[in-house]
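Trainee: Build me a model from this:
(2 chains)
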Amino acid sequence: MTDKRWFVRSILTIGLVLLGLVPAVATAQEATTVSGQVKSTPGGQPLSGAIVSIPSLRVSATTGNDGRYRLVLPAGASGAVQLTARRIGYQTNTVPVSLSGASVEQDITLAEGAIELTQVVVTALGIEREPGSLSYAAQTISGGRLSDVPTQNVVSALGGKVAGVQVTNSSNPFGSARIVVRGASSILGQNQPLIVVDGIPIDNSAASNSGYGPGAGSSLGGYDVGNAASDISADNIASVTVLKGPNAAALYGSRAANGAIVYTTKSGKGAPSQGFGVSATFGANMETPLRLPNYQNRYGQGFYGEFDFVDGNFSGVNDGADESWGPRMDGQTKGCIYLTDSLGHPDYAAGYDQSHDCNQFFGPGPWQAHPNNVRDFWNTGLIINANVAVARSSDRSNVRLSVGRTNESGMYPNNTNHRTDIALSGGTQVSDHWSAEASVNYIRDGMQNQPAQAYEEIDPMQGFIWFGRQVDVSMLKNLIYRDPNDPLTKQILAGTTKRSPYLRTDAPLPYSWNYSYHPSPYWMTNVKTTDYGRNRGLGHASVTYKVNDWISVTGRTGRDWYQNQFRANYPVNDISPFGQGGLLDVGETRSETNNDFLITANRTLTPSLSLSVNAGGNQRINDFNTNVGQVSELVIPGVYTLANSNGSPAVGLFVSHKKVNSLYGSANFNFKDWLNVDITGRNDWSSTLPKNGNSLFYPSIGAAFVFTDALGMQSSWLSYGKLRASWTRVGNDTDPYQLEAVYGAGTAWAGAPSFTAPDRLPNASLKPEQTTGEEIGADLGFFRDKLIVNATIYQKSTTNQILPVSISPATGYSSAVVNSGEVRNRGIEIAATMTPIERPDFRWNVVVNWSKNSNKVLSLYGGVSRIVVGNYWGVNVTADSGQPYGNLVGYRWERDPQGHIVVYASGPNKGLPIADASQQVLGNYNPDWVGGISNTISYKRLSFSFSFDGQVGGQVYSVTKWFGQYSGVLANTLAGRETDWNSPGYIVPNAVYECTPVPPATTCTGFGGPDTSHVLAQDYWHNTFYAQEPGIFDATFFKLREARLAYALPPSVARFLGFSDATVAIVGRNLMLFAKQPTIDPETAFDTSNRQGVENGQLPTARSIGFTMSVRP
Amino acid sequence: MRYKILSVFAALAAISACGDLTSINKNPNGPLDVPPPSILPNVIQNIVGGVNGVNSLNVRGGGLWVQYYSEIQYRDEDKYIVRSGTSGGWGFYNGILEDVQRIISKGEASTTPNWSAVGRILKSYTYSVMTDAMGDLPYSQALKGDTLLAPAYDTQQQIYNGMFADLAQANSEMDLSPTAFGFAKGDIMYGGAMTKWRKFANSLRLRLAIHLSNVDATKGASEAAAAVAAGVFTSNLDNAKLMYLATSPNRNPIYNDARGRDDYGMSKTYVDSLMSWNDPRLPVFAQLNADTDTVAITYQGFPNGLNDGEGTDLLFISRIGAFWREIPNAPMDLLTYSEVLFLEAEAAERGWIAGSAATLYGDAIRASFAQYGITDTAQINAYLALPQVQYVPGATGLARIAYQKWVSMFMQGAEAWTEVRRTGVPGLVPGCRAVMRHIPERLPYDDNEAVLNKTNLDAAVAAQGFSAGNDITKPLWFTGRTTSVTYPPPTPCP
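Mentor: Predicted coordinates for the structure are as follows:
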């Protein structure tokens, strides 16, 4: 790596030498000035931070806190010029100014922006740039687009709004969202972009649903407490820029490979200097399930058409079954089991025993469907959020304080979530040379009795997949425990004395429909409680010393710190996971500290060439520690302490530390505003890499050419045209402690510890992953910018992947850390903004984002052709050499050469499909393309906006579907039992019999004839367990994601109400779903890891409808 | 001023570049090295739980296929459909054998022969279970992850030779002096009693010698004689077993599983057999079925290999005995005195060692009774007096030894399955819905081996004549057979 160091040194040296030379070429001329104030419209607030320029004269200035700017022009400048003002969140405005040698006063107003593609862009390290000067793709949207329709997660709010970005939401409003820009490039490493807030990288890890709960660490799943970036309040965001590829993010070095999301928060700049500028928003939204599985309502609980409840645990006839292959539900009160023959076997010919009651969990009663029994379980949720901000500024200082609060009573009964957010920021100009700014943000999240998504009883939908369709859920709502004196209670307790789940009599017995697998869902919501809290502090402080009018030095420190505390109480008689009661308590502390400095110099070298140089350094420290205590059997019911554990409680501690030092620099040459050349370089030294190989250099170079300006090509239809190209090489580093392996904890014996050899073979000579990115693009404005198109074609290729690859356990290890493998992503992304209609009081604006990424795993480790990224219920999510990343691999049904399904030709399984001998690729989770379209129509004070987004292509392995078929609860399992549970039976469509040799031959020559054998529906659907193919479906979907109808009250009405202006709106999110299959919402993030495309027990996505109000007194 | 800035910059650059980063990356979450006494407890628990727990070698495989148990819910393995992910203990490589190998190496490096001896015994025990379940395995090239990522497979015969050598060495290198450095508290099986470890080594060597009866009687005879001469178990106090504890996480795996699941009942084959011979061990091995008005309380097994929902209601099925299912601190056996006596009886019958096969056979049955606390002499004598129990020399005697061993090895499904495959006794008829008409001959290799070590796997599969790594139909080398005894399906199914 030492050979790379000369390069960074050279760049830095060149930059510094240039800086030193620049004063020599500065000329002293007598000047005239253009000055004035930039204000917003409507409202007339002064706007600070706006960039005002006269492009033809290549002068620019930034407005101060009072919104004022001052441009100094070379003497002799005269004639008509265009004066342009731009600011994030506003539409650029240009006014003509006539110069005559005298000073000119010219105010400019800026309208709040709807056109997003022309705004000032915040680039890496917080450097603001004109979009025309960028050599790479970056897209900025204003904070309003994130907060107009309330969302609890600023990451999910980006979905469909930025080309090239794929956001996968979890269904829980407080849950996680996974975001990937331009496709996954790291096989087993991080694929989500870096998240930066006001220049400070923040943590976005997600305990997600494999982090907490009994499935922690295994693949079962658990509680989703949200990705960490969701703590940032959308109400506080001024704008967000997506730096789409490694090219845009190159200055972030070892974290740039996946792009970066750069949030800029609102500040007090531009706030009034008299009194306080106050703004407030309020929203209230109702939530209902967008989609629940499509259940059947003809057959109830049981097997082979029989059900009789004794103890719900197989003491009766199939009464432990959690499947719906039982008797047809005709409302009968008697005759749910068959008469028996002399051997005690059901005598189907003799028919049902009409003298025997249809005994159920509540006693005898009618055997009837409750079609809405799952829907009825879910409450209408209510989310209320409020945010109040006050801000004040003077000519030298500004301050802003905002307080936000969100309360949710969730759709899951007894679930409440809340978030409190307090943000304080301020800046001051201490002297002409010194200025300082700082911000602190405290966030407190709390989630009580959250539902989980898992193959476990903590997921309510799990109990509705393995379910009796006759169960009247409302009966369970009213009674949490069985009456101890009820004879049925005694029967349940007596009947289970010899078998699991060994219900304990020293604790109350839950009132449930089943005692073999499932507790009552209402018992879970009320008794099996969880409590999650997150305390987070985010802050930064910086001091800038302005050496002269073109060079300044900034020192900055920033820290993101948070603590998670999770507690789950598992009561006695819980059935699963801890039948004897238990406790799980997890505490986690995570922090990221960044100390950095930046030297910025901007200098006009010649009238047509200007240079800006940035050079800086950074030290990053990541700390993590966690402690876990778990009790899996309580001695005294109801006491949830570690001391109340029968046997030693399981406890664990884990700490990790990481440090990265960096130096970086960039230079931007601007020639006549139509040619920009960017060079950047960064060197990282990482603690996670071997001492002799821990230095890594990351360069980039790019150019942007505004050909319309350079060649004078502007015309009535082509108003603006730019071509850009860039190349970069960046990295992706790794976790601590990969270089050597330590012994792990084995199972202690009688409290004495025991150790076990590590399972992962370490690698003492690890290198970082390297991503090389190239992109070319064009930004085009047509019809006086009524149509703006940004298009980019990119390729990024990641090599030296850090892979904990699986190796043959016969080596003594199950995995090894290696540097190997290459993944290539190629794609195209298009963002377009159109204003088809623009009249004084009527405006229609359309934003379209579309992207297509194609991904290929070019090579893997050694001779390995497949790496398993993750697995779930028989499906492996894999990286297969020569194929797209993210294959879903499992068993298919055997086919004959013509593609017919092959079934058994004889024996007890005759007519049932046969699984293939080996696993095959069943699909891939990556979509063919993703896109979104938003429309905003405004008429006078009324505006209506709505957006659709979604994906075409991609597959999901849905365990909900797979097991919902097995258990007979889904509507399609009526196939084969249209008449009764055993008739007419199921014939596999277009199937052929397997090949059977005809004696005396011992080999066969072909497949048998068409399958005509009826099999029982239950046998057919149970047989689907042997292949995962029946659980795969096409994930194509579109959602009416957001709709908003807003009305700005007339000033007279607003004033009458005591406000200076007020807007009310009706809003909706996730309003409609269009999908190819009927069972789940295909937009599914089971967790935020690379194991995508699998689903189980999906919690219903919330469809929310409500109103919002925002006012300014 | 510019120079000040430059000097600050240079200083910061120096700090950035030269900070000591390497020390930050020292993992504080575990030791880089630990002594064998701290490794052994986890190893023993993993072996006992791995071989005799609710998994493919015992309750969910081998023990199911010798028809001790039957699956009463999710009846896949009972129909010989082996769910994907199942193997004959492939996870033992990184879960047990890597640890054991380190114990051996540390013993050799520190000249602590008792460490390496115990390591060799447990290594051989583990490999023997694996090879008897799967066939050829990576052995001589295994456990060398630092240098060899794709180990080749050794034949079962080579593995047997390696195990005999290791057990002989363990026997000879052991230091029995009272001051010898051993395991002290880490030895949760024998409490550091090296004399018992030595008997365990020789008893295991005897078991493996007998396994060769069909394929290499010469080697079997010499190994058996050497083992017995070196000293094998002499009472139930010598049994290699783990006495589980009453509290979590050290409870016996059958008890643990039954707290959350109810997937296994007693097999009709086994219950009917013990009931008809009035075996006093039946109340230990099985529980009575449930109390109802319609069916008498009794020991009732459930037929193997039916579809889900078929057959009698679950209520009427006897579950595994309270001895394991209801008592958390029940022992689980690796090798018992009773088995050693059966092995000696067979060796004597074959003329491999001196002694009376009939006496050893009778003692073996008595030891089995004693092991379960059955001391009623009248009851024991009545059982021994049964004409079908009494010893008859010759082939009948070998069959009776095999049958009695099958009866006595309840809850040691892996070894019972090995012996049924070797002796063909008892002749077990596959269940009605079973997908093949003979009991499985082996368990699959690990699925992932086809991806991770394909060349070597393919060679081993071809050499043994399997159709694939998960072919369970082909007899293994030690059985001495090339075909299986097949049984026609019973008609009709229930």
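Trainee: got the residues of the stretch 301-450 of chain B near chain A?
Mentor: B:307-310, B:312-315, B:319, B:432-433, B:435, B:446-450 (CB under 8 Å from any CB of the partner chain). Any C-beta I mention is one placed from the backbone N, CA and C, and that applies to glycine too.
Trainee: Filter these down to the buried ones, ChimeraX style.
Mentor: Remark: buried members of those, expressed as a ChimeraX selection using 16 or more other CB atoms under 10 Å in any protein chain shown:
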select /B:307,308,309,310,312,313,314,315,319,432,433,435,446,447,448,449,450
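Trainee: In helices, which of the residues of the stretch 301-450 of chain B next to chain A appear?
Mentor: The helices, defined by DSSP state H, take in B:Glu449, B:Ala450 from these.
Trainee: can you tell me how far the residue nearest the centre of chain A sits from B:Ala152?
Mentor: Nearest to the geometric centre of chain A sits A:Ala177, at 1.7 Å (CA atoms, centre = their mean). Distance of A:Ala177 to B:Ala152, given as CB to CB, to the nearest Å: 48 Å.
Trainee: And for B:Ser110?
Mentor: On the measure of CB to CB, B:Ser110 and B:Ala152 end up 31 Å apart.
Trainee: Which of the two has more residues huddled nearby?
Mentor: Neighbour tally, B:Ser110 and B:Ala152, criterion other CB atoms under 10 Å in any protein chain shown: the higher count belongs to B:Ala152, 18 against 13.
Trainee: Now the more buried one: closest residue in space that isn't a chain neighbour?
Mentor: Excluding the flanking residues, the one nearest B:Ala152 by CB to CB, 6 or more residues apart in numbering or on different chains is B:Asn456, at 4.8 Å.
Trainee: Give the buried residues for the strand or helix carrying A:Lys659.
Mentor: For A:Lys659, the element it lies in under DSSP states H and E is strand A:650-671. Residues of strand A:650-671 classed as buried: A:650, A:656-671 (neighbour count, 16+ other CB under 10 Å).
Trainee: which ones among these come in contact with chain B?
Mentor: Within the buried residues of strand A:650-671, those near chain B by CB under 8 Å from any CB are A:Ala650, A:Ser656, A:His657, A:Lys658, A:Lys659, A:Asn661, A:Ser662, A:Leu663.
Trainee: List the contacts of the third one.
Mentor: The contact partners of A:His657, taken as CB atoms under 8 Å, 6 or more residues apart in numbering or on different chains, are A:Ile621, A:Asn622, A:Asp623, A:Phe624, A:Ser687, A:Pro736, B:Ile24.
Trainee: burial of the second one, as a residue count?
Mentor: When neighbours are defined as other CB under 10 Å, A:Asn622 has 22 of them.
Trainee: part of a strand, is it?
Mentor: Yes: assessed by DSSP: H, G, I helix; E, B strand; the rest coil, A:Asn622 belongs to a strand.
Trainee: returning to that earlier point: kindly state the pLDDT recorded for the residue nearest to the centre of chain A?
Mentor: For A:Ala177, the pLDDT comes out at 80.
Trainee: just checking, it touches A:Gln152?
Mentor: No: using CB atoms under 8 Å, A:Ala177 and A:Gln152 do not qualify as a contacting pair, with a distance of 9.9 Å.
Trainee: what residues are shared contacts of those two?
Mentor: Joint contacts of A:Ala177 and A:Gln152 (CB under 8 Å, 6+ apart) are A:Ser230.
Trainee: re the thing from before, and the residue nearest to B:Ala152, how many residues sit next to it?
Mentor: Counted by other CB under 10 Å, the residues lying close to B:Asn456 total 19.
Trainee: Tell me who's in contact with it.
Mentor: B:Pro138, B:Ala150, B:Pro151, B:Ala152, B:Tyr153.
Trainee: quick one: it from A:Ile1032, how far?
Mentor: Separation of B:Asn456 from A:Ile1032 (CB to CB): 32 Å.
Trainee: Over to B:Phe164?
Mentor: Going from B:Phe164 to A:Ile1032 by CB to CB gives 50 Å.
Trainee: Who are the contact partners of B:Ala459?
Mentor: By CB under 8 Å, 6+ apart, the residues touching B:Ala459 are B:Ala152, B:Tyr153.
Trainee: Would you agree it falls within a helix?
Mentor: Yes: according to three-state DSSP, B:Ala459 belongs to a helix.
Trainee: what's the distance between it and A:Ile807?
Mentor: To A:Ile807, B:Ala459 is 18 Å away according to CB to CB.
Trainee: can you pull out the strands in the stretch 1-150 of chain B?
Mentor: Along the stretch 1-150 of chain B, counting by DSSP state E, counting those that start in this stretch, strands occupy B:69-71, B:137-138.
Trainee: Residues contacting the last one, please?
Mentor: Contacts to strand B:137-138, defined as CB under 8 Å, 6+ apart, come from residues A:808, A:810, B:93, B:127, B:130-131, B:151-154, B:156, B:159, B:453, B:456.
Trainee: returning to what we had before: which one of the contacts of B:Asn456 has the most neighbours?
Mentor: B:Tyr153 (28 neighbours).
Trainee: OK, contacts around the closest residue to it other than its chain neighbours?
Mentor: Nearest residue to B:Tyr153, sequence neighbours excluded (CB to CB, 6+ apart): B:Ala460, at 3.8 Å. B:Ala460 makes contacts with B:Gly135, B:Asp136, B:Tyr153, as judged by CB under 8 Å, 6+ apart.
Trainee: One more: B:Gly61?
Mentor: B:Gly61 neighbours (CB under 8 Å, 6+ apart): B:Asn55, B:Glu77, B:Val82, B:Thr86, B:Gly88, B:Gly413, B:Trp417, B:Pro440, B:Leu443.
Trainee: For A:Leu609, state which of these is nearest.
Mentor: Distance to A:Leu609, by CB to CB, is smallest for B:Thr86 among the contacts of B:Gly61, at 71.3 Å.
Trainee: count of residues packed around the closest one?
Mentor: Residues lying near B:Thr86 (other CB under 10 Å) number 20.
Trainee: Repeat that for A:Pro371.
Mentor: For A:Pro371, using other CB under 10 Å, the count is 12.
Trainee: these two touch, right, it and A:Asn297?
Mentor: Yes: with contact defined as CB under 8 Å, A:Pro371 counts as touching A:Asn297 (4.6 Å).
Trainee: which residue ranges form the helices in the stretch 951-1100 of chain A?
Mentor: Taking DSSP state H, counting those that start in this stretch as the criterion, the stretch 951-1100 of chain A contains helices spanning A:959-966, A:1017-1023, A:1051-1056.
Trainee: Mean neighbour count, distance to chain B and mean pLDDT for the ones you listed - can I get that in JSON lines?
Mentor: JSON lines is the format used below for the helices of the stretch 951-1100 of chain A (neighbours: other CB atoms under 10 Å in any protein chain shown; distance: least, CB to the nearest CB, whole Å; pLDDT from 0 to 100):
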{"stretch": "helix A:959-966", "mean neighbour count": "25", "distance to chain B": "10", "mean pLDDT": "96"}
{"stretch": "helix A:1017-1023", "mean neighbour count": "24", "distance to chain B": "6", "mean pLDDT": "95"}
{"stretch": "helix A:1051-1056", "mean neighbour count": "12", "distance to chain B": "51", "mean pLDDT": "87"}
